[in-house]
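Undergrad: Here is the input, now give the coordinates:
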Amino acid sequence: MLLSLDSGVSALDQFQQNLNVIGNNIANVDTVGFKAANMEFADTLSQTLGSNSAGSMQVGSGVMAAAITNQFTQGSITSTGVQTDMAVNGNGFFLVKDPSTGADYVTRDGEFTMDNSGYLVTSSGMRVQGYTDGGLTTQGDIKIDNTGAPGGDTSPVQSYTFGADGKLTVQLADGTQFARGQILLQNFSNPEQLVKVGSNLYSGLTNAGGLAAPVAPASNGLGSLVSGALEMSNVDLAGQLTSLITTQRAYEANTKVITTSDEILQDLINLKH
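TA: Take a look at the predicted model:
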């Protein structure tokens, strides 16, 4: 069999995968907190035909995918004016927990809301994690209510704010103001090992080298929290469209390699007749 056929077929397969990656990036150009992926190629095992004074004579047999990695560069931060929206300006991920299973995930999507019980949750119902008391000693689900108010004050919550360090300050209807908790961030030594699981969530925290415990924003090399804003997708649309054209042309060129190889084989068959 002609090695050019192997090379051409492997190229069609890998460029199709690259097209899938590019297509997904473009589809998520407006997804909050989305991180674009990039596909890297590597050559496959070459066939050694022999050697001479110049060295080994080898013919390659095609291409394969070396890696598909997520690019964790900062996306642009856009003000929304929504009090529960948050963006991380710098390193770090929001740590969230599934209230049903107790499973931990991380996300850069800070489009949070407050549910009927007062918990700060993601669009898929995951509860945002951090310190749940004014003394910043107990970690768990962030809740916006009057728990821990001075003197056991039971007045309803009138307003609340989140600081750049993630601290939650609650003001009650009678004017009482107190610290209710603090949002914490999780950092990773190798975030490329995080696994996308949908809904802007990542799993695989241990493999990615997560810290033993989340820490406060604007500390230990982590970014600060921007309240009333969201981090947008880091997809470079112009760059992705350029890659799309390059991939299309490469795909077309390799179909030509296969067509030419087929014509050569047909000529060889015709020689018998």
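Undergrad: How about the contacts made by S189?
TA: By CB atoms under 8 Å, 6 or more residues apart in numbering, the contact set of S189 is 208-209. Yep, even glycine has a C-beta here, placed from its N, CA and C like the rest.
Undergrad: mind redoing it with 6 Å?
TA: G209 (CB atoms under 6 Å, 6 or more residues apart in numbering).
Undergrad: The stretch 151-273 of the chain: helices as residue ranges?
TA: Counting by DSSP state H, counting those that start in this stretch, the stretch 151-273 of the chain has these helices, from start to end: 237-271.
Undergrad: Okay, domains of the chain per the record?
TA: 3-48+56-72+235-271, 77-231 (automatic domain parsing).
Undergrad: out of these, deepest packed?
TA: domain 77-231 (a mean of 18; mean count of other CB atoms under 10 Å).
Undergrad: coming back round to it: can I get the domains of the chain in TSV with mean pLDDT?
TA: What follows is the domains of the chain, written out as TSV (pLDDT from 0 to 100):
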stretch	mean pLDDT
domain 3-48+56-72+235-271	90
domain 77-231	94
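Undergrad: Tell me where the stretch 1-150 of the chain has strands.
TA: 37-43, 47-52, 55-59, 63-70, 77-79, 86-89, 93-97, 104-107, 113-114, 120-121, 127-131, 139-141 (DSSP state E, counting those that start in this stretch).
Undergrad: just how off-centre is the second one within its chain?
TA: Offset of strand 47-52 from its chain centre (CA atoms, centre = their mean, to the nearest Å): 44 Å.
Undergrad: roughly how far apart are I22 and L244?
TA: 5 Å (CB to CB, to the nearest Å).
Undergrad: With respect to L237, which of the strands of the stretch 1-150 of the chain lies nearest?
TA: strand 37-43 (14.5 Å; CB to CB).
Undergrad: Specify the angle between the closest one and strand 63-70 in degrees.
TA: Comparing the axes of strand 37-43 and strand 63-70 via axes from the mean of the first three to the mean of the last three CA atoms, to 10 degrees yields an angle of 150 degrees.
Undergrad: Show me what strand 37-43 pairs with in its sheet, parallel or antiparallel.
TA: Within its sheet, strand 37-43 is paired with strand 63-70 (antiparallel), according to DSSP bridges.
Undergrad: nearest spatial neighbour of the spatially most central residue of the chain, skipping sequence neighbours?
TA: Central residue of the chain (CA atoms, centre = their mean): K35, 4.2 Å from the mean position. In space, and not counting its chain neighbours, K35 is closest to N70: 4.7 Å by CB to CB, 6 or more residues apart in numbering.
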